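Asker: attaching a predicted model along with its sequence, questions to come.
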Amino acid sequence: METLTTTRLSRKERELQFRINLVLDAAEEIFAEAPYAQASVEEIARRAEISVGTLYNLFHSKEDIYRGVVSRAQDAFFKNIEMRVGDARGPKEKVHALIRYSFEHFSKYSRQFRHYVSATNGFQWELKSKLEHDAFDAQQSFMRRLVEICQHGMDEGIFKKGLSAELMAVTLLGVPHSFLTVWLEQEGVDLRSLIPSALTVADRVTGAGDI
């Protein structure tokens, strides 16, 4: 079934979006298989079954393609996490849903994530800034949602009141990031095996386990 956004697009715009997604799908596969530096525009075009010339009509460079892949993944991540959190009932369950989905997502796309970290560490600052800017609006929207959850938890007496809702939300978002940093340094560790420890840390942040 077409979404409202899709039905508003003209046929030409839908065809353009279709070609863009063909390139992004192919590039996502290739960036998962090899580091960014080893991927080529020619291979992406071949995998997408279009000419290199057509690809350059859609994207200016390999960096532009990579930015598109990461931006699309970030958009999907925040949309999915919004749904997962929305399906959970109480504040504590919503926080746990945030932690669980973050770990499940990065576990599923572990190779892409490792390549992404490797690539952006070596990228020029301009590209890193663009990648971060693309996700800024989605991050801010979810942050506001998480602040509301934290405030609701405190109002209901489920979360402790030693922190402001804003500070609690920021700290909770830092929990998955901290575990991801440790995981990146440990080859062969299943990221999902760290979920129980992360949930314990989250409960200590909110005080849900103490009240």
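Answerer: In hand now; what should we look at? Given the structure is predicted, the values throughout are model-derived calculations rather than measurements.
Asker: I figured residue 98 hits residue 172, correct?
Answerer: Yes - applying C-beta atoms under 8 Å, one finds residue 98 in contact with residue 172, separated by 6.9 Å. Quick note: C-beta positions are derived from backbone N, CA and C, even for glycine.
Asker: between those two, what contacts are shared?
Answerer: Applying C-beta atoms under 8 Å, 6 or more residues apart in numbering, one finds that residue 98 and residue 172 are jointly contacted by residue 146.
Asker: out of the two, which sits in the busier spot?
Answerer: Set residue 98 next to residue 172 and count neighbours by other C-beta atoms under 10 Å: residue 98 wins out with 25 against 20.
Asker: dump whichever helix or strand the more buried one is part of to CSV, restricted to CA.
Answerer: When elements are assigned from DSSP states H and E, residue 98 belongs to helix 91-108. Extracted in CSV, the C-alpha atoms of helix 91-108 (Å, rounded to 0.1, in the frame of the first residue of the first chain):
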residue,chain,number,x,y,z
PRO,A,91,7.9,4.5,31.4
LYS,A,92,10.2,1.7,32.6
GLU,A,93,9.1,-0.6,29.8
LYS,A,94,9.6,2.2,27.3
VAL,A,95,13.1,2.8,28.4
HIS,A,96,13.8,-0.9,28.2
ALA,A,97,12.4,-1.0,24.7
LEU,A,98,14.8,1.8,23.8
ILE,A,99,17.8,-0.2,25.1
ARG,A,100,16.7,-3.5,23.6
TYR,A,101,16.0,-2.1,20.1
SER,A,102,19.3,-0.2,20.0
PHE,A,103,21.2,-3.3,20.7
GLU,A,104,19.1,-5.5,18.3
HIS,A,105,19.5,-2.9,15.5
PHE,A,106,23.3,-2.6,15.8
SER,A,107,23.7,-6.3,16.3
LYS,A,108,21.8,-6.9,13.0
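Asker: how is the protein carved up into domains?
Answerer: For the chain, automatic domain parsing gives the domain ranges 1-59, 63-206.
Asker: pick the most buried one from the ones you listed.
Answerer: Stretch with highest mean neighbour count among the domains of the chain: domain 63-206 (a mean of 16; mean count of other C-beta atoms under 10 Å).
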